[in-house]
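Engineer: Provide a 3D model corresponding to the input given below.
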Amino acid sequence: MSIAAQVERFVAMGTRVELHVFGGGFADALVAARRAIEDVDDALTIHRPSPTTAVNEGMLAGREVAIDDPVLIEALIAIEAVHALTDGLFDPAVDNRFGGAGWADVVFDPRTARIAATRPLALDFGGFGKGFALDRACAVLRDAGIVCACLSAGESSLAVIGEHPLGGGWPFAIPHPLVGDAVLVELELVDEALSISTTVGAGTHAPERAAMIRPSDGAIVTAARCAVAIDRSGGRAEALSTALLVADDDCARRLLGGGPARRFLYDLSQEAAPTVDVARMHAA
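Structural biologist: Numbers count the residues shown, from 1 in each chain. Next up is the predicted model:
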């Protein structure tokens, strides 16, 4: 059975992005969805001058900053929500270079679009930006009438619209990051987003990679772990997978058991790939 698909491939947020839309006549919508992702990259990046780097410069200097970028404002509002959802374990301001500063030291007023910090700090949206970008792209595609699509930002951030073009859920297998050809879990998604966070695997030992810091005590998490989170929102999924990765056992149990989202945390310390039942550290 042949199903028409339109595909847009490009690089944004430091990774390969792919937008797969099923059905014909959606070329303009694909362009608009790409633009939505690029807008997030332009607003949230800290690797070149951006609205976020302007905010960081102001907060590091102890100044209040007026924000005029609507994408950054929307992202900051979303950050406040996911910071609370994760009991503070997802924190885009945590950085041991700044003496334990974090999101709790940020003063953000969405009504006036002004932001300040009670101590020097800087924001780094990390993987949240990819999920947030996929959310905005999905909204554009849905507004254009698209009911079947699959979007990815790298291999760790995915979002789908509707069911698979052949019917049913979109099937995904999450690979074991240390054991070739082994799978941690197989999942199906319908109108959902998925995020994977891990402390091991390709790229995690690069010297420029930020350490995995537990905001509650500043501890750097070095245990071999992999977290998977599924949610209706890509931004929430990214925040949840990051939070699970740095959570202590008690916090992990709360996160795994809370809400309707599917969340998994795997101990990768065993040499062989564990089964799904063994790998899931806590039952939801």
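
Engineer: okay, which residue is most central for the chain?
Structural biologist: Central residue of the chain (C-alpha atoms, centre = their mean): Glu238, 2.7 Å from the mean position.

Engineer: Does that residue lie in a helix or a strand, and which?
Structural biologist: helix 234-246 (DSSP states H and E).

Engineer: Give me the distance from that helix to the chain's centre.
Structural biologist: Relative to the centre of its chain, helix 234-246 is centred 6 Å away, using C-alpha atoms, centre = their mean, to the nearest Å.

Engineer: Just the buried residues of whichever helix or strand comes after it, please?
Structural biologist: Where DSSP H and E defines the elements, the next helix or strand beyond helix 234-246 is helix 249-257. Buried residues in helix 249-257, defined by neighbour count with 16 or more other C-beta atoms under 10 Å: 251-253, 255-256. For every residue, glycine as well, the C-beta is placed using N, CA and C.

Engineer: In the stretch 1-150 of the chain, where is pLDDT below threshold?
Structural biologist: Where the stretch 1-150 of the chain drops to pLDDT under 70, the residues are 1-2.

Engineer: One more pass at 50, please.
Structural biologist: Counting by pLDDT under 50, the stretch 1-150 of the chain shows no low-confidence range.

Engineer: how about the helices in it?
Structural biologist: 27-44, 51-60, 70-85, 128-143 (DSSP state H, counting those that start in this stretch).

Engineer: Any idea which of those helices gets closest to Leu265?
Structural biologist: Closest approach to Leu265 among those is made by helix 70-85 (16.2 Å; C-beta to C-beta).

Engineer: which outside residues touch that closest one?
Structural biologist: Applying C-beta atoms under 8 Å, 6 or more residues apart in numbering, the contact partners of helix 70-85 are 39-40, 42-44, 51-52, 55, 67, 90-92, 103, 108, 110, 113, 115, 125, 128-129, 132, 136, 235-236, 239-240.

Engineer: ChimeraX command for the buried members of these?
Structural biologist: A single ChimeraX command selects the buried members of these (16+ other C-beta under 10 Å):
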select :39,40,42,43,44,51,52,55,67,90,91,92,103,108,113,115,125,128,129,132,136,235,236,239,240
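
Engineer: now the residue nearest to the centre of the chain: how far from Gly131?
Structural biologist: Distance, Glu238 to Gly131, by C-beta to C-beta, to the nearest Å: 4 Å.

Engineer: I'd like the helices of the stretch 1-150 of the chain written out as CSV, with distance to Ala12 added.
Structural biologist: CSV is the format used below for the helices of the stretch 1-150 of the chain (distance: least, C-beta to C-beta, whole Å):
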stretch, distance to Ala12
helix 27-44, 5
helix 51-60, 15
helix 70-85, 13
helix 128-143, 7
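
Engineer: which of the ones you listed sits most buried?
Structural biologist: Counting by mean count of other C-beta atoms under 10 Å, helix 128-143 has the highest mean neighbour count of the helices of the stretch 1-150 of the chain, with a mean of 24.

Engineer: Report the distance from it to the chain centre.
Structural biologist: 11 Å.

Engineer: Can I get that helix in CSV, CA atoms only?
Structural biologist: Only the C-alpha atoms of helix 128-143 are listed here, as CSV (Å, rounded to 0.1, in the frame of the first residue of the first chain):
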residue,chain,number,x,y,z
PHE,A,128,13.5,21.2,26.7
GLY,A,129,14.0,23.4,23.7
LYS,A,130,13.7,20.5,21.3
GLY,A,131,10.4,19.3,22.8
PHE,A,132,9.1,22.8,22.9
ALA,A,133,10.0,23.3,19.3
LEU,A,134,8.2,20.1,18.2
ASP,A,135,5.1,21.3,20.1
ARG,A,136,5.0,24.5,18.2
ALA,A,137,5.6,22.7,14.9
CYS,A,138,2.8,20.2,15.7
ALA,A,139,0.4,23.1,16.4
VAL,A,140,1.2,24.6,13.0
LEU,A,141,0.6,21.4,11.2
ARG,A,142,-2.7,20.7,13.1
ASP,A,143,-3.9,24.2,12.3
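
Engineer: what angle sits between it and helix 70-85?
Structural biologist: Computed by axes from the mean of the first three to the mean of the last three C-alpha atoms, to 10 degrees, the angle separating helix 128-143 from helix 70-85 equals 110 degrees.
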